[in-house]
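pasting the structure only:
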C-alpha cells in the first residue's frame, strides 16, 4: 500500500498537468463532485497508435469523452475512470460507426494505459497495468512498447551498453518498468532477427523518480502515401 501511495505522489502531479492541458477530454465520472467524493476510481491513459487509422471518437460506457478528434500519436495522460468493467469503443471521428469495441476491468487506485494498435482494418487495444515501485533516489523507471506493425521483434539498446535493455520485444508487447540511472541517454532500436539498426533515439533525458514509456510506432516501410514512418515517442506516466 505504501508503494502505491508513493507512486501516486509522483504521478498525480503529472495527472493534474495532463488534465489541465487536455481539456478536450473529460474524466469518466459524474460531474457532480458531491456524488463522486467517495467513489473509488482507476486512472487510465489512452494512446492512438494505429498508423493508418483516421482520427477517432472515444466512447466510454456509451458516452463520448473527446470534444476534438483523437489523432494518431495523441496521448491523454491519466483520466479518472469508474472501477469495474468499462466498455470502450473507438470509431472514426464524427461518424456513427464503431471499429473497436472492448470491455476492460479496472481496479480501484490502479493505473492503466490503453493503446489503440495495429493497422485500422485489424485494430484493437493493448492494455498495460502501470503500477510499479517508486524508483530509488537518483533513478528513473522506463519501459518500451512495440507498436510498429511491420518492424518485427525489436531490441532496445542504450549506446555504450553491451546488453539490450529489452530484447525480442514483439509487436504489441511491452516490457516491464526497468529502474535505471536518471541521466541523458542515446538509444538504438535494432531488429532482433539480424541486428540491423532500425532507428536512433538520441538525447533522452530521464529525470529522477519519474516513470517513462518509450513507444516505438509507425511503419518501418510505410505504404505509399502514408507519412507515418518508424519513430520513437517518449511519454511521462
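On my side now, so go ahead. Nothing here was measured: the structure is a model prediction, and the numbers come from that model. Numbers count the residues shown, from 1 in each chain.

Let me see the domain layout of this protein.
Split into domains by automatic domain parsing, the chain comes to 2-129, 139-236.

how about TSV for the ones you listed, with mean neighbour count and mean pLDDT added?
In short, each C-beta sits where N, CA and C put it, glycine included. Listed next are these as TSV, based on neighbours: other C-beta atoms under 10 Å; pLDDT from 0 to 100:
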stretch	mean neighbour count	mean pLDDT
domain 2-129	16	83
domain 139-236	17	97
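
where do the helices sit along the chain?
2-21, 33-36 (DSSP state H).

Was I right to think residue 142 contacts residue 210?
No. The criterion here is C-beta atoms under 8 Å, and residue 142 misses it with residue 210 at 9.0 Å.

got a list of what the closest residue to residue 132 other than its chain neighbours touches?
For residue 132, ignoring the flanking residues on the chain, the nearest one in space by C-beta to C-beta, 6 or more residues apart in numbering is residue 177 at 4.3 Å. Counting by C-beta atoms under 8 Å, 6 or more residues apart in numbering, residue 177 makes contact with 132, 141, 142, 143, 211.

Likewise for residue 57?
64, 66, 70, 90, 91, 92, 93, 94, 95.

same question, residue 69
Residue 69 touches 55, 56, 93, 94, counting by C-beta under 8 Å, 6+ apart.

Now the first one: closest residue in space that isn't a chain neighbour?
Taking C-beta to C-beta, 6+ apart, and ignoring the residues beside it in sequence, residue 55 has residue 69 as its nearest neighbour in space, at 3.3 Å.

Could you do the last one as well?
Distances taken as C-beta to C-beta, 6+ apart put residue 57 closest to residue 94, at 7.1 Å, once the chain neighbours are dropped.

Contacts only, for the closest residue to residue 49 other than its chain neighbours.
Nearest residue to residue 49, sequence neighbours excluded (C-beta to C-beta, 6+ apart): residue 147, at 4.2 Å. By C-beta under 8 Å, 6+ apart, the contact set of residue 147 is 49, 115, 117, 126, 171, 172, 215, 216, 217.

can you rerun that using 10 Å?
Residues in contact with residue 147, defined by C-beta atoms under 10 Å, 6 or more residues apart in numbering, are 47, 49-51, 115-118, 126, 171-174, 215-218, 233.

Over to residue 66?
22, 24-26, 46, 55-59, 74, 76, 93.

between those, which is closest to residue 203?
residue 74 (23.0 Å; C-beta to C-beta).

So what sits opposite the closest residue to the closest one other than its chain neighbours in the bridge?
Of all residues not flanking residue 74 in the chain, residue 48 sits nearest, at 4.8 Å (C-beta to C-beta, 6+ apart). With DSSP bridges as the criterion, residue 48 is bridged to residue 116.
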